[in-house]
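S.K.: have a look at this prediction, sequence included:
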Amino acid sequence: MAQGQTVPRMYALEQIVLENTKFFLSHVQITLHELRNPTPEVVSKFYCAFLEELGVNTANLQQVR
């Protein structure tokens, strides 16, 4: 029973994280699938967007290979 109750709560938590990410970093397009299974490109995109919000110039950051 406890395990069945955990699944909806985890999904709700993921939705909250996704909605807040889209709210604070509205120019970053991220899906629930990418949040659950991030690729190096998604992590790089998110990291750069976060740094840009802090005012950091990300033009010289290396591309993920």
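M.R.: Nice, I can see it.
S.K.: Three-state assignment for L35, please.
M.R.: Put simply, L35 is helix when judged by DSSP: H, G, I helix; E, B strand; the rest coil.
S.K.: just give me the neighbour total for L18.
M.R.: L18 is flanked by 16 other residues according to other C-beta atoms under 10 Å. Just so you know, the C-beta spots here come from the backbone N, C-alpha and C atoms, and that holds for glycine as well.
S.K.: so for it, what's the pLDDT?
M.R.: Note for L18: predicted pLDDT of 88.
S.K.: mind listing what it touches?
M.R.: Contacts for L18 (C-beta atoms under 8 Å, 6 or more residues apart in numbering) come out as I30, T31, L32, L35.
S.K.: secondary structure element for it?
M.R.: Applying DSSP states H and E as the criterion places L18 in helix 2-24.
S.K.: distance of Y47 relative to L25?
M.R.: 11 Å (C-beta to C-beta, to the nearest Å).
S.K.: re the thing from before, JSON lines for the contacts of L18, including secondary structure and neighbour count?
M.R.: Formatted as JSON lines, those follow (DSSP: H, G, I helix; E, B strand; the rest coil; neighbours: other C-beta atoms under 10 Å):
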{"residue": "I30", "secondary structure": "coil", "neighbour count": "17"}
{"residue": "T31", "secondary structure": "coil", "neighbour count": "10"}
{"residue": "L32", "secondary structure": "helix", "neighbour count": "12"}
{"residue": "L35", "secondary structure": "helix", "neighbour count": "15"}
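S.K.: which one of these is nearest to Q62?
M.R.: Nearest to Q62 among those: I30, at 21.0 Å, using C-beta to C-beta.
S.K.: setting aside sequence neighbours, what's the nearest residue to that closest one?
M.R.: With C-beta to C-beta, 6 or more residues apart in numbering as the criterion, I30 has its nearest non-adjacent residue at 6.1 Å, and that residue is T21.
S.K.: distance check, that neighbour against A59.
M.R.: Using C-beta to C-beta, T21 is found at 23 Å from A59.
S.K.: same question for V17.
M.R.: Distance of V17 to A59, computed by C-beta to C-beta: 28 Å.
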